[in-house]
Structure formats: C-alpha cells, structure tokens
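Asker: Sequence plus the predicted model coming up.
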Amino acid sequence: MSPADAPARSIAVELVALTKRYAQGQPAVDSIDLRIASGSYCCLLGPSGCGKSTTLRMIAGHETVTSGDVLLEGRNITDLPAAARGTAMMFQSFALFPHLTALDNVAFSLKMKGVAKAERQARAQDLLERVAMGHLAQRKPGELSGGQQQRVALARALITQPRVLLLDEPLSALDPFLRIQMRAELRRWQKELGLTFVHVTHSQEEAMALADTMVVMNAGLIEQVGSPHEIYNRPATEFIARFMGGHNVLDTPAGKIAVRNDHMRIAPAAAADGLPARITDVEYQGTYVLLGLDAAGASGVSVMLPEAVFGERPYRLGEDVRLSWAPPHAHPLAARAA
Ligand code: ADP
Ligand code: MG
C-alpha cells in the first residue's frame, strides 16, 4: 500500500492478501483484500463455512494469520495481541456473566487489567449512561430485557475504547421478533457512536437491513462488495443472485442473467412470445402473491405479483404461461467475481 492511496484515516480496517489455512487443501480464507471505511456499518455475509468468523477472528487477533496483513487505521496490527489492537468483540446473544451486575459486567475487562475499583466503576457507570442504562447498573442480566442486555454488552465492548467493534452473529440466537428490534438498536448505536462496526451474519435480510457496505463471501473468497442496493440490484455472480434470493437465474444465448422476481412479466400461454413456463406453486404473501414456475432451461423460477395485479388475473396451479422481462432488468452474471 502506498501513501498515495486513499488517506489511511478514512479507512478503519484494511485486509491485504489475508489468508488462513487450518489444514492442507483449500484455505478457509483465501488471500482476501478489503477496505472498510471508518464510521461505516460493514456486514460480512455468506453461507455457513465460507470463512466469515475466521476473517473476523483474524481482525480481532483471536486467530493467527497464515499470510497477509491486517491494518487498523493504517497501522499493521497483524502480529499484535488482541488486547493491544484497538478492536473489541461482541458475541452471540451477548454472552454476559449472569451472576454479575450490569456495572460489573461492563467493568470486567478493566478489573482484569488491574484498574482500581473506584475508577473502573466510574468508567463503567459512564458508559452505561451513554447507552441509556445508567439507572439499571445494579441489575443482573436475568433482570433485564433483551434490548437492555444488548446495551450492556455494547457498553462492555466499548469500555476498552475500541476503534472498531467486531460482532459475530450477535443476533442469531434471538427469536425473530427480538432479532428485528435488536438490529434496529445496533444500527442506531453505531450511527450515534460513529464507530466502525464489522458484523458477521449468514442472514441476507439482516445484512441488508444493517449494512452500509455488504461483503459477500463464498468458499474463502470475497464474491462481491457493495451497498445493499447495489448487491440486490446488480448481483455480480450466479452465486450472489441465488444466495440473495428474490432473483431468477436464466440461461440466454448471451449467457446467464439474473432478473428480480418482482421484475418478471407473466402472460397467459396464448401470448405471442416469452419463455414458456408452467405454474407449480401459488403462495399468498399478503402484499404480494409468489408464483413458483417450471420453465425450459431454468429451475426454481419465481414471479412476485402485487396482490391487486394477481387479483385482476389470478393464475392457477398447473396453468401454462409465458414469461418475459424488460431488457434493463436483466443483469449479466459472471461465473466468478473479478
Ligand atoms: P463461517 O463463520 O463463515 O461459518 P468459519 O470461518 O467458521 O466459517 O469456517 C471456515 C472454514 O474453516 C470451515 O470449513 C470450517 O470448518 C473451517 N474451520 C473454522 N475454524 C476451524 C478450526 N479452528 N480448525 C479447523 N478448521 C476450522
Ligand atoms: Mg461463523
């Protein structure tokens, strides 16, 4: 990296040819390059086993690096111990100590560092105030709601004054209702604190709801980096289109394309042109009706119709139809990201 590149202070985390090989064969993380902007919410997204946690743990210093570098605000931290890096980690379902008060949970890492009791309690109280939990400092985790526990976990992670907060599937153990509430809180706190968050998830929906930048991984490689809008509207590869969902991958003479299922046009079989298909599934989803179809040369095709459109012309199970799409809605797919 040369100093002529983008100013280091605007990049919180930079990964350079970062590689982790646990055993012979395919590396778990295979020479990835990535720059994460300061103050952004970055989500590492991908299916189980693609290398997300390994990447996060190498940033945190909880996992050794086989080769390559980790830079934090331009400083090479590859060989620094976790506690000296300027990163902090928040774990699945917050991992608070159940027998300690909120205050003692937050102060815990300062206690381990030998900070005197009065000082560590004052700093922990300060942080609890910052996340609007000052009045509940003496409660134990079992006496707090899920949202309050998350704030305590956040305060506990922030007490080391990290530049970057690392979160590994922090919401995945929660029930769906709480998960949606908690992710809104995470997003709000990230913006208020102005910190860089790097959040690992296997949920496309969660990543799209949270991220400024999504990094989609597949088999140890980065497949695409972009805003949720960019990735959802212009999936670079077949893998991304299928993994994100809501897209049809279709074979055309020019190669594979992706078309969003709400951008598909459907017409009765008598229509002059279009791809012949047969309806195999009709699913009412409230605002939309989701049609499943078999089409020549494409598997698992779907069409999302607004409820009112379906209401005017209800398609039936087993009906033969024609499918088409406007050219601007067809996105060419590369076999593999560049
Ligand atoms: P993800 O978080 O995306 O599910 P991981 O980073 O945990 O993926 O794992 C990536 C790959 O590395 C997987 O094949 C996994 O089995 C392997 N792996 C992860 N941790 C270890 C380990 N400590 N020892 C050996 N292999 C591991
Ligand atoms: Mg993981």
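Answerer: That came through, no problem. Ligands and ions are numbered 1, 2, ... in the order given.
Asker: burial measure for the closest residue to ligand 1 within the stretch 101-250 of the chain, as a count.
Answerer: Proximity of the stretch 101-250 of the chain to ligand 1 (Cβ to the nearest ligand atom) peaks at Val200, 6.3 Å away. Yep, even glycine has a C-beta here, placed from its N, CA and C like the rest. Around Val200 there are 25 other residues, counting by other Cβ atoms under 10 Å.
Asker: again, but for Pro332
Answerer: Count around Pro332 with other Cβ under 10 Å applied: 12.
Asker: Could you look up the SS state of Val200?
Answerer: Put simply, Val200 is strand when judged by DSSP: H, G, I helix; E, B strand; the rest coil.
Asker: quick one: buried residues of the top helix by length along the chain?
Answerer: Determined from DSSP state H, the single longest helix within the chain is helix 176-193. Residues of helix 176-193 classed as buried: Arg179, Gln181, Met182, Arg183, Leu186, Arg187, Trp189, Gln190 (neighbour count, 16 or more other Cβ atoms under 10 Å).
Asker: coming back round to it: and the residue of the stretch 101-250 of the chain closest to ligand 1, what's its pLDDT?
Answerer: Here, the pLDDT recorded for Val200 equals 97.
Asker: do Ala338 as well
Answerer: Here the pLDDT value assigned to Ala338 is 50.
Asker: So which of the buried residues of helix 176-193 is the closest to Glu73?
Answerer: Compare each of the buried residues of helix 176-193 with Glu73 using Cβ to Cβ and the shortest gap goes to Gln190, at 17.4 Å.
Asker: just to revisit the earlier point, okay but the residue of the stretch 101-250 of the chain closest to ligand 1 is in contact with Asp168, surely?
Answerer: Yes - using Cβ atoms under 8 Å, Val200 and Asp168 qualify as a contacting pair, with a distance of 4.8 Å.
Asker: Identify the residues contacting Thr78.
Answerer: Val65, Gly68, Asp69, Val70 (Cβ atoms under 8 Å, 6 or more residues apart in numbering).
Asker: for the second one, helix, strand, or coil?
Answerer: Three-state assignment for Gly68 (three-state DSSP): strand.
Asker: what's in contact with the longest helix of the chain?
Answerer: Under Cβ under 8 Å, 6+ apart, the answer for helix 176-193 is 41, 131, 146-147, 150-151, 154, 158, 165, 167, 170-172, 174, 197, 199, 206, 209-210.
Asker: Out of those, which end up buried?
Answerer: For the contacts of helix 176-193, buried by 16+ other Cβ under 10 Å: 41, 131, 146, 150-151, 154, 158, 165, 167, 170-171, 174, 197, 199, 206, 209-210.
Asker: The nearest residue to Phe310 once chain neighbours are set aside: neighbouring residues, count only.
Answerer: In space, and not counting its chain neighbours, Phe310 is closest to Val289: 4.1 Å by Cβ to Cβ, 6 or more residues apart in numbering. Using other Cβ under 10 Å, Val289 is surrounded by 20 other residues.
Asker: Three-state assignment for Val289, please.
Answerer: Classification of Val289 using three-state DSSP returns strand.
Asker: quick one: the most far-flung residue of the chain relative to its centre from ligand 1, how far?
Answerer: In the chain, Ala270 marks the outermost C-alpha relative to the chain mean, sitting 43.5 Å out by Cα atoms, centre = their mean. Distance, Ala270 to ligand 1, using Cβ to the nearest ligand atom, to the nearest Å: 48 Å.
Asker: Make 320 the first number, not 1, from now on.
Answerer: New numbering, starting at 320: the last item is Ala589.
Asker: can you tell me the helix or strand for that residue?
Answerer: Counting by DSSP states H and E, no helix or strand carries Ala589.
Asker: what pLDDT does it get?
Answerer: As predicted, Ala589 sits at a pLDDT of 90.
Asker: joint contacts of Val519 and Asp487?
Answerer: By the contact definition Cβ under 8 Å, 6+ apart, Val519 and Asp487 are jointly contacted by Lys371, Ser372, Leu375.
Asker: Show me what from this protein comes close to ligand 1.
Answerer: Tyr341, Ala347, Gly365, Ser367, Gly368, Cys369, Gly370, Lys371, Ser372, Thr373 (Cβ under 6 Å from any ligand atom).
Asker: show me what contacts the first one?
Answerer: Pointing back at Tyr341 there. Taking Cβ under 8 Å, 6+ apart, one finds Ala347 in contact with Tyr341.
Asker: Then it would be within a helix, right?
Answerer: No - counting by three-state DSSP, Tyr341 is located in no helix; its state is coil.
Asker: Bridged to the closest residue to Arg561 other than its chain neighbours, which residues?
Answerer: Distances taken as Cβ to Cβ, 6+ apart place Val568 nearest to Arg561, at 6.2 Å, with adjacent residues excluded. Beta-bridge partners recorded for Val568 (DSSP bridges): Ala577.
Asker: With Cys361 instead?
Answerer: Beta-bridge partners, per DSSP bridges, of Cys361: Val517, Thr532.
Asker: tell me the contacts of it?
Answerer: Residues near Cys361 by Cβ under 8 Å, 6+ apart: Val332, Ile355, Thr515, Phe516, Val517, His518, Ala530, Asp531, Thr532, Met533, Val534.
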